[in-house]
Structure formats: C-alpha cells, structure tokens
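[1] My questions are about this predicted structure, shown below with the sequence.
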Amino acid sequence: MYNTDLPTRAELPSAIKLMQSTILAAIVALTLLITIVMPSEYGIDPTGVGRLLGLKQMGEIKTQLAEEADADNQASAIQQAQLGTPVNERPIPNNPPAITQSSYPERSVPATTPAPVEPAAGSQRHQMLITLEPNEAAEVKLEMRKDARVTYQWTSSGPVNVDAHGDPLSAPKGFYHGYGKARQIKQLSDNLFEYALVTRDTVAVLDPPAHFSAVFEEPLTEMVETLQQRGFACALELGSEDVLLTVRAQYIRRILDNIGSNLIKYADPARPIEVRFLRQEGRAGLVLRNHVLPAPPAVESTKVGLTSIETMMDKMHADCKIEQENEQFTMTLLFPVE
C-alpha cells in the first residue's frame, strides 16, 4: 500500500531543527522584503541594494503613477461635487454639441462673444477668454454624442498645466480616462528602459575621436528645434573651437533627449534657455542654463532621467555637474579633450 517506509522517530527533525529552519526562512524572507520587494514596489531602499539593481527606480515610477491616479480621482470627485449632478447622469440635449463652462474648483470662467466666422451648417463655433490667478484652475466641458467630433485650439500668455479627459455616460464611480497620461506613462517607461540599458553594460565602448561639431551638431539642433516648437527661446554660444572628443554618440543623443524633456517640463518658457560651449582644464563640452517654473509640477519627478545622464557621462569618463540656485538651473557637461 505504501511506496516507502514510514520514517522512524529518529529520522524526524527535532524541535530545535524545526525552529532553526523557521528562523532561517524568516530571515531570508525579511532580506528579500527589504532588498527586493520594498525598492521595486514602493521605492523604499534602506540598504542601497535596490538602487544598484535598478529596482528603486522601478518602485519610484510605480509610486508616482499611483499618486497621479489618486490625485486624478480626488480632482474628479471635487469637480462632481462642485457641479452637482454628475456628468454621467445628465441627459444629452438634441441640439448639436455646445461648450459649457464650470468652475474648478471655485473660479467662474468669463466667456467672450462667439467668433465672427460663420460656422458650417449643423455645427457651432465658440471662442472664450479664461483669466486665471496663480494656483487657480478652470474647466471647459463638452457634452457630446458618441462618435461626435470637436476641433479645438488654445493659446496662453504664460505657463499653464493642462489635462484633457473624457467620461462616458455610464462610467462607474471613480472612472477616469486621461488623454495626456499615456504620454506621461510612456516617458516614464522609456526612462526606466533607458536606465536599464545604460546600467546593463559595465564598460561602454566609445566611438573613435570626433570633432565637437560632428558629435553635437545634429542632436543639439534637434533639441533646440523641439524647444522652439514648444515656445522656448534658445540662446546659443558655441564659438568656433572644434576640439576632438572621444565619446559614444548614442549616449550623447540620449543625454540631449533627456535634457530636452526636462526643459519642456520644468523650464520657464518666459525666460531664454542658454546653451554655450565651455573649455576648461583639458576638458570641453556644454553648459546649459535655464530658469525653472515659478510653480513646480504637482507630482515630483522620479529623477530617472538625471540619473541616466550622470550614469552615461560616468561611462564616458566625463563630468556632469548639476547646480540650482534660486530659480536658475545649470547643467555642465565636460568631456576629455584628445
């Protein structure tokens, strides 16, 4: 009936051995909790092992996304409380979609007269002016039938934070569909993926020596053009000295991409961004200086982008210096000159 003989009492582990095994298992579980689970899930890294393994950055991104989701849910709840009847309980009018205005949370929104251009048959055209004080907000809402379309355009005389979202009529409580969050999540994911790629290689293979102009001309031009399209003014002072540098072109492009993304998010578009060439004690590179926004973003950055920049610079045996004094942010990138 039995495939094996039953163990004898002497073969069974003693109470002391069971206790030792239990304690050892608890120690292993606690170690994994502190070094793996806490950094990767919550961004908490008391030992520093999580940062070395790249897990702390993953946890910080997860925490940031959770905070953004909570903030969105709270904003939606406040908005519905201010508006009275929730949007998903309102009947849809039979007339074509029209723009309605509401306060968010308590600022009324003055509207101007409609645009003088006559709208096409069966459609409407509206124009409005919204005046906001610092830390105030307003919402422009449209109630639309399924598959209906709307074309809109807006401009501002200063930096503003914008969120576009939509809610169906039968949306469950707490539902939120944001049209800007996907881009934010993609940027965070790209930063994490980039950090993993950079930290994967212990030694970076550098390209053959190349002149400063050949290394920086294309990626720097792309960064400046992107900033100008976003309304930023750039003041370049690159001089005429064309030194030889030994770098990795792929890293240079990623570094400038990260810098451009940070400038778009945190730089004050009312102040010019300075980019100038610097040569100093056998090294040469760029100095980038900008003024930060008076009101910082509501959700703090994970700083994965800056960490990736510092890591890539270190792998190229180059120096990265970051300074912030009052409203001025300065980043200095210096590379060994051949």
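    Cool, the structure landed.

[2] so Gly231 sits right up against Pro269, yeah?
    Yes - if you go by CB atoms under 8 Å, Gly231 and Pro269 touch, sitting 5.0 Å apart. Every residue, glycine included, has its C-beta placed from N, CA and C.

[3] more crowded one of those two?
    Neighbour totals were compared for Gly231 and Pro269, and Pro269 leads with 19 against 12 (other CB atoms under 10 Å).

[4] which element is that one on?
    Using DSSP states H and E, Pro269 maps to neither a helix nor a strand.

[5] show me what contacts it?
    Applying CB atoms under 8 Å, 6 or more residues apart in numbering, one finds that Pro269 lies in contact with Pro159, Arg230, Gly231, Phe232, Ala233.

[6] low-confidence ranges in the stretch 201-338 of the chain?
    201-202, 296-304 (pLDDT under 70).

[7] any chance you could map the helices in the chain?
    All helices of the chain, identified by DSSP state H, fall at 15-32, 38-42, 49-52, 55-83, 181-200, 212-229, 249-266, 304-315.

[8] now what about the second one, what contacts it?
    Outside helix 38-42, the residues within contact range by CB under 8 Å, 6+ apart are 44-46, 49-51, 53, 55-56, 58-59, 62-63.

[9] can I get those residues in JSON lines with pLDDT, distance to Ala29 and neighbour count?
    Output for the contacts of helix 38-42, formatted as JSON lines (pLDDT from 0 to 100; distance: CB to CB, whole Å; neighbours: other CB atoms under 10 Å):
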{"residue": "Ile44", "pLDDT": "85", "distance to Ala29": "17", "neighbour count": "15"}
{"residue": "Asp45", "pLDDT": "86", "distance to Ala29": "18", "neighbour count": "21"}
{"residue": "Pro46", "pLDDT": "87", "distance to Ala29": "16", "neighbour count": "10"}
{"residue": "Val49", "pLDDT": "83", "distance to Ala29": "16", "neighbour count": "15"}
{"residue": "Gly50", "pLDDT": "80", "distance to Ala29": "16", "neighbour count": "25"}
{"residue": "Arg51", "pLDDT": "78", "distance to Ala29": "22", "neighbour count": "14"}
{"residue": "Leu53", "pLDDT": "76", "distance to Ala29": "18", "neighbour count": "16"}
{"residue": "Leu55", "pLDDT": "77", "distance to Ala29": "17", "neighbour count": "20"}
{"residue": "Lys56", "pLDDT": "78", "distance to Ala29": "20", "neighbour count": "23"}
{"residue": "Met58", "pLDDT": "73", "distance to Ala29": "21", "neighbour count": "20"}
{"residue": "Gly59", "pLDDT": "74", "distance to Ala29": "18", "neighbour count": "20"}
{"residue": "Lys62", "pLDDT": "71", "distance to Ala29": "21", "neighbour count": "17"}
{"residue": "Thr63", "pLDDT": "72", "distance to Ala29": "23", "neighbour count": "16"}
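
[10] In CSV: those, plus distance to Met128.
    Shown next, in CSV, are the contacts of helix 38-42 (distance: CB to CB, whole Å):
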residue, distance to Met128
Ile44, 46
Asp45, 48
Pro46, 52
Val49, 54
Gly50, 49
Arg51, 48
Leu53, 52
Leu55, 48
Lys56, 45
Met58, 43
Gly59, 43
Lys62, 39
Thr63, 37
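
[11] Give me the neighbour count for Glu327.
    Here the number of neighbours of Glu327 (other CB under 10 Å) works out to 12.

[12] Setting aside sequence neighbours, what's the nearest residue to it?
    Distance criterion CB to CB, 6 or more residues apart in numbering; nearest residue to Glu327, sequence neighbours excluded, is His291 at 5.0 Å.

[13] Please name the bridge partners of that neighbour.
    His291 has these beta-bridge partners by DSSP bridges: Gln328.

[14] now Asp319
    In this structure, Asp319 bridges to Leu334 when assessed by DSSP bridges.

[15] What residues does it make contact with?
    The contact partners of Asp319, taken as CB under 8 Å, 6+ apart, are Arg283, Gly285, Met313, Thr332, Leu333, Leu334, Phe335.

[16] Tell me how far the last one lies from Ile252.
    In other words, Phe335. For Phe335, the distance to Ile252 equals 9 Å [CB to CB, to the nearest Å].

[17] picking up where we left off before, the residue nearest to Glu327 against Asp268, yeah?
    Yes - His291 lies in contact with Asp268 (CB under 8 Å); the separation is 4.4 Å.

[18] tell me, what's touching these two both at once?
    Between them, His291 and Asp268 share the contacting residues Glu327, judged by CB under 8 Å, 6+ apart.

[19] hmm, back to that, of all the contacts of helix 38-42, which comes closest to Val215?
    Nearest to Val215 among the contacts of helix 38-42: Arg51, at 29.9 Å, using CB to CB.
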